[in-house]
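K.L.:
have a look; sequence and predicted model below, questions after that.
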Amino acid sequence: RRVLFRSKLNLGERHKLNFNLGWQSLLTNYEYDAAFGRNTGNDFYKTMGKTQTIGKYFTGYNNKWNWMNAYLHADWTYNNMVKFGLTGSFDGASSVGKDATRMTFYPAVDGVFMAKNIPLFYRMSWLDKLNVYANWTLTGNSRFSSKYGKYYYTSNPYQTIAGIIRANVPNTSLKAEKDRTVNIGLEAAMLRNRIQLGIGYYNIRATDVLISGERSAVLGSSSYFNNEAEIKATGIELSLALSPVYTKDIRWTIGGNLTTLRNKVESLGALNEMISSLDDNAQIITRTGEDPYAFYGLRSLGVFSTTAEAEKANLSANGQKFVAGDVHYNDLNSDGIIDNDDREIIGSATPDFYGSFFTRVEYKQFALDLTFAYSVGNDAYNAVRRIAESGSDFANQAQSVNRRWLMEGQQTDMPRVRWNDRVGNNAFS
């Protein structure tokens, strides 16, 4: 980063002007090369030339991403009471498609009312700062692969040979994602800055969000990237810091912050939802009107304790009837068959609120920091537990499997063990 020009002007006692002009750039180049083969003649020959011809292939990638930004900032302070600032920047990246505008203008405006300096609060010696602020910014995100907007090739093995094929249909009109952010809040400091607190509200609307959706097979590519999504995030931020020890050489500060979060997918363009599958068939859904990247699966209502309960529910899956000891899944469409049509949103990784606690001890030029982060209200997927409690093969299992259903009338949250799990007791739920 380089600042080309910086200036401060004092126009009398009440007017102060600041100017900043500069630019910054980043050049990156990544390359990864790998080859795979199997069945060498013995353990001493470990080169690719000694591996079996069939199935041998190479892979890798190279990716260049270049970015540049030029900016101008100016602010005006009147009588140490109000401050207004304007910022403008031009931002461009190599990941933007060749048919889109490479350089984009991003403005920002902010204002601060320094209420401490009005007569009502100026005489309060215990109050050090009382600022009311508001700002609006437009920022961009172009930190995605430059390959999305260009043709590129990838390796593909076939029998005893491997070659390169065209891997994508590019979108040459890709542009940077845009975030419009509004912040409004209050900051205060008291008792010679021994107590500092803040409260604020934020509203972020992300537009032109890049998504990859399945497209027609005629394209010859499984995915096509486009700026189609729109996501909104709102919340409140609270912070508090206390300094019980504040001397010339020693300072001890403790504090914390809390931020609420409400995410909502406003639009996915022509799509209503997008479903992604993990390696173990767990699924994540992004649906209009919901949290992005929510967990999508069957909802468990418990375990059938008796044969009578299972017969009353009269459910089946994969041609198998549910019996006592099986998981009772919610039959969402009430057709008596548990399948993909019964999947629903069963959780979200988005927390209700998150934040941190911290403490800092300073002695002259030395400092020790401890920070503890937390989040509340979010769900986490435990894939290891799902494998260790599957009860469907001879793999090692967790001790919790010992409480599995074993007899008629048994009350438990662990279903019966069954080879291959044809009925789906270990389905993502």
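P.N.:
Ah, there it is. Numbers count the residues shown, from 1 in each chain.
K.L.:
can you tell me how far residue 391 sits from residue 316?
P.N.:
To residue 316, residue 391 is 20 Å away according to C-beta to C-beta, to the nearest Å. Where C-beta positions appear, they are placed from N, C-alpha and C, glycine not excepted.
K.L.:
which of those two has more neighbours?
P.N.:
Shown here are residue 391 and residue 316; by other C-beta atoms under 10 Å, residue 391 has more neighbours (20 against 14).
K.L.:
which SSE is that one in?
P.N.:
Residue 391 is part of no helix or strand when elements are defined by DSSP states H and E.
K.L.:
burial measure for the closest residue to it other than its chain neighbours, as a count.
P.N.:
Of all residues not flanking residue 391 in the chain, residue 417 sits nearest, at 3.7 Å (C-beta to C-beta, 6 or more residues apart in numbering). As a burial measure, residue 417 scores 18 neighbours (other C-beta under 10 Å).
K.L.:
list the contacts for residue 417?
P.N.:
Residues near residue 417 by C-beta atoms under 8 Å, 6 or more residues apart in numbering: 391, 392, 401, 404.
K.L.:
give me the element it is part of.
P.N.:
Counting by DSSP H and E, there is no helix or strand that carries residue 417.
K.L.:
likewise residue 280?
P.N.:
In this assignment (DSSP H and E), residue 280 forms part of neither any helix nor any strand.
K.L.:
now do it against residue 404, distance only.
P.N.:
Residue 280 sits 21 Å away from residue 404 when distances are taken as C-beta to C-beta.
K.L.:
so those two - more neighbours on which side?
P.N.:
Comparing residue 280 with residue 404 by neighbour count (other C-beta under 10 Å), the higher total belongs to residue 404, at 19 against 11.
K.L.:
and the pLDDT at that one?
P.N.:
pLDDT, the model's per-residue confidence, is 94 for residue 404.
K.L.:
and if you look at residue 2?
P.N.:
pLDDT recorded at residue 2 is 66.
K.L.:
what is the burial count for the nearest residue to residue 36 once chain neighbours are set aside?
P.N.:
Closest residue to residue 36 apart from its sequence neighbours, by C-beta to C-beta, 6+ apart: residue 57 at 5.8 Å. Applying other C-beta under 10 Å, we find 16 other residues in the vicinity of residue 57.
K.L.:
which parts of this structure are helices?
P.N.:
For the chain, applying DSSP state H gives helices covering 119-122, 307-313, 383-388.
K.L.:
mean pLDDT, distance to residue 95 and mean neighbour count added to these, as TSV?
P.N.:
Shown next, in TSV, are these (pLDDT from 0 to 100; distance: least, C-beta to C-beta, whole Å; neighbours: other C-beta atoms under 10 Å):
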stretch	mean pLDDT	distance to residue 95	mean neighbour count
helix 119-122	88	49	10
helix 307-313	94	52	14
helix 383-388	90	32	13
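K.L.:
tell me where the model's unsure across the stretch 201-350 of the chain.
P.N.:
213-222 (pLDDT under 70).
K.L.:
can you do 90?
P.N.:
210-226, 228, 246-248, 269-271, 276-281, 293 (pLDDT under 90).
K.L.:
what's the offset of stretch 305-320 from the middle of its chain?
P.N.:
39 Å (C-alpha atoms, centre = their mean, to the nearest Å).
K.L.:
make that stretch 228-235, sorry
P.N.:
On the basis of C-alpha atoms, centre = their mean, stretch 228-235 sits 12 Å off its chain's mean C-alpha point.
K.L.:
heads up, I number from 57, so please use that
P.N.:
Fine by me, first position is 57 from now on; the one you just mentioned is stretch 284-291.
K.L.:
now do the contacts for residue 426.
P.N.:
414, 415, 416.
K.L.:
tell me the bridge partners for the last one.
P.N.:
The reference is to residue 416. On the basis of DSSP bridges, residue 416 is bridged to residue 309, residue 425.
K.L.:
distance check, it against residue 297.
P.N.:
Taken as C-beta to C-beta, the span from residue 416 to residue 297 is 9 Å.
K.L.:
ok, residue 247 next?
P.N.:
Here residue 247 is placed at a distance of 12 Å from residue 297 (C-beta to C-beta).
K.L.:
who's more crowded, these two?
P.N.:
Between residue 247 and residue 297, counted using other C-beta under 10 Å, the more crowded position is residue 297 (18 against 14).
K.L.:
spatially nearest residue to that one (excluding sequence neighbours)?
P.N.:
That would be residue 311: by C-beta to C-beta, 6+ apart, it lies 3.3 Å from residue 297.
K.L.:
now do residue 478
P.N.:
Take residue 478 and drop its neighbours on the chain: the residue closest to it by C-beta to C-beta, 6+ apart is residue 376, 4.9 Å away.
K.L.:
just checking, the one you found touches residue 477?
P.N.:
No: counting by C-beta atoms under 8 Å, residue 376 stays clear of residue 477, with 9.8 Å between them.
K.L.:
who has more neighbours out of the two?
P.N.:
Legend: neighbour count by other C-beta under 10 Å for residue 376 and residue 477, higher for residue 477 (19 against 15).
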